[in-house]
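[1] when you get a sec, could you give me coordinates for this:
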Amino acid sequence: MSASRASWPSRTRELVLASGNRGKLAELRELLAPLGLRLRSVGDLGGVELPEEGDDYEANARAKASAAAAASGLPALGDDSGIEVAALGAAPGPGSARYGGPGLDDAGRTARLLAALAATGSTDRGARFVCVVALAAPGVAPVVAHGECRGRVLAAPRGAGGFGYDPVFQPDGYADSMAELPAHVKNRISHRARAIAALTPALRRL
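    Here you go, the predicted structure:
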């Protein structure tokens, strides 16, 4: 759904990210900096409760953005993303951040993913990263954009950059894992970069 130009605050340069993920916050700050937009974490505001995440990227992004905008009084960005592995029936998908249960960190979830893929016995290592971003303002319906990056799952983690499943994801056309790529390259080809690029017209209205 789009919003009219007149619906958005005319002098706002600060947004709230409806997430406490530090890696996501750092990455989005870099992507938004060229637009002159400052991004704050919802955790900095205190007392903002985000809705439980479900199994649909867009619904999750919309709900988080709307909740953060209503609670903070500022425009808010909701981001829901995940990795979809062909041999796992597109799992873990929207459940990527919760894959394997609440006790796992990024490394634990990555190990769980590799084990699940190995257990299938499949030689198909095709995968894609998916991102849906939603931009909401108090009283304004969210504007939504999508992005994806296709590639394959590596046999073992490589690289110390990025976060999440980046060390085991090799984007099509590159010899490096996402975690090995320079930031300026990742910020051009990643699923999140492509979603933000698609959202740029709405962001410029801020």
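[2] ok, what's across the strand from residue 152?
    Counting by DSSP bridges, residue 152 is bridged to residue 126, residue 170.
[3] that one contacts residue 125, correct?
    Yes: at 4.5 Å, residue 152 counts as touching residue 125 under the criterion of C-beta atoms under 8 Å. C-betas here are computed from N, CA, C, even on glycine.
[4] could I get the phi/psi values of the residue in the chain sticking out farthest from the centre?
    In the chain, residue 121 marks the outermost C-alpha relative to the chain mean, sitting 29.2 Å out by C-alpha atoms, centre = their mean. Here is the backbone geometry of residue 121 (degrees, to the nearest 10): phi 70, psi 10.
[5] stretch 38-54: how far from the chain's middle?
    15 Å (C-alpha atoms, centre = their mean, to the nearest Å).
[6] end to end, how far does it reach?
    Criterion C-alpha to C-alpha, to the nearest Å; first-to-last residue distance in stretch 38-54 is 28 Å.
[7] same question for stretch 83-90.
    8 Å.
[8] please renumber the chain so that the first residue is 39 from this point on.
    With 39 as the first residue, the last one maps to stretch 121-128.
[9] helices of this protein, start to end?
    60-70, 95-110, 144-158, 221-227, 229-242 (DSSP state H).
[10] CA-only coordinates of the fourth one in CSV, if you can.
    Same thing as helix 221-227. What follows is helix 221-227, C-alpha atoms only, in CSV (Å, rounded to 0.1, in the frame of the first residue of the first chain):
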residue,chain,number,x,y,z
ALA,A,221,30.7,-3.9,3.3
HIS,A,222,30.3,-1.7,0.3
VAL,A,223,29.7,-4.8,-1.9
LYS,A,224,27.3,-6.4,0.5
ASN,A,225,25.4,-3.2,0.8
ARG,A,226,24.9,-3.2,-2.9
ILE,A,227,23.8,-6.8,-3.5
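[11] which residues are in contact with it?
    Outside helix 221-227, the residues that touch it by C-beta atoms under 8 Å, 6 or more residues apart in numbering are 65, 68-69, 187, 199-200, 204, 209, 212, 216, 219, 231.
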